[in-house]
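A.B. asks: My questions are about this predicted structure, shown below with the sequence.
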Amino acid sequence: MSDQHSFLSVDPDSRSQAAERMLNSAITQAKISESFEEYLEIFDKFYADDVQVSSETQHEPIRGKARVGSLLLNFLVPLHVMAEVAGLAISIKESAISGDAANEMHSAWTLNIVGVSGKTFTLNWRTLRKWNGSRVVYEHHYDQQRSGEPLTFDDLGFDIIGPVAGIQGRQG
């Protein structure tokens, strides 16, 4: 009986930490080259309807799941197309950072984008999340750093796609 009682009385901090680990694992295991919808499902599962998202560069936080979801979609669709059609290799990694407040979880993220040319662009940032049970109610992005040059059209693999039969380019 004591084992059962201790399982049911898990403190909220432990639940938030477990939810944070599950969320971060789901994000890093999803494959953007195969689907952007998986990320939207993750967002829907883990984020509260009244979530607030902010960053160092924003004046005001973005409030509400619909608004945040719309911004997320505007980011994911082009990334998915560039990975699936243009041949970019995209990977994301996460590592936990110790925090000092209850229900606040910090993590460091690295997004690597490698063009077909071999040129690499890397984006690093940190995230603070506040949880209410199993849902993120606040997320703040900070300490953003970029390295590498932005990728150009030459770094995309559109030339891999051959000409379509019956369609001719402009004659010079």
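C.D. replies: Yep, it's here. In this text, all values refer to a predicted model and were calculated from it rather than measured experimentally.

A.B. asks: report the longest helix in the chain, please.
C.D. replies: Taking DSSP state H as the criterion, the chain has its longest helix at helix 65-84.

A.B. asks: what sits up against that one?
C.D. replies: The contact list for helix 65-84 (Cβ atoms under 8 Å, 6 or more residues apart in numbering) reads 32-36, 39-40, 43-44, 47-51, 53, 62, 88-90, 156. For the C-beta atoms, the positions are set from N, CA and C on the backbone; glycine is no exception.

A.B. asks: Roughly how far does residue 56 sit from residue 122?
C.D. replies: Applying Cβ to Cβ, to the nearest Å, the value for residue 56 to residue 122 is 18 Å.

A.B. asks: And stretch 103-116, what's buried?
C.D. replies: 103-107, 109, 111-116 (16 or more other Cβ atoms under 10 Å).

A.B. asks: And stretch 32-51, by the same measure?
C.D. replies: Within stretch 32-51, the residues that count as buried by 16+ other Cβ under 10 Å are 32-33, 36, 38-39, 42-43, 46-48, 51.

A.B. asks: among these, which are in strands?
C.D. replies: If you go by DSSP state E, the buried residues of stretch 32-51 have 47-48, 51 in strands.

A.B. asks: List the contacts of residue 40.
C.D. replies: Here residue 40 is in contact with 69, 72-73, 76 (Cβ under 8 Å, 6+ apart).

A.B. asks: and those residues, which are buried?
C.D. replies: Buried among the contacts of residue 40 by 16+ other Cβ under 10 Å: 72, 76.

A.B. asks: my guess is residue 116 contacts residue 87, does it?
C.D. replies: Yes - using Cβ atoms under 8 Å, residue 116 makes contact with residue 87 at a distance of 4.7 Å.

A.B. asks: would you put the C-alpha positions of stretch 24-31 in PDB?
C.D. replies: Extracted C-alpha coordinates of stretch 24-31, given in PDB (Å, rounded to 0.1, in the frame of the first residue of the first chain):
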ATOM      1  CA  ASN A  24      11.900  17.500 -25.500                       C
ATOM      2  CA  SER A  25      12.300  13.800 -26.600                       C
ATOM      3  CA  ALA A  26       9.300  14.000 -28.900                       C
ATOM      4  CA  ILE A  27      10.700  17.200 -30.500                       C
ATOM      5  CA  THR A  28      14.200  15.700 -31.100                       C
ATOM      6  CA  GLN A  29      12.900  12.400 -32.400                       C
ATOM      7  CA  ALA A  30      10.400  13.900 -34.900                       C
ATOM      8  CA  LYS A  31      11.600  14.100 -38.500                       C
END
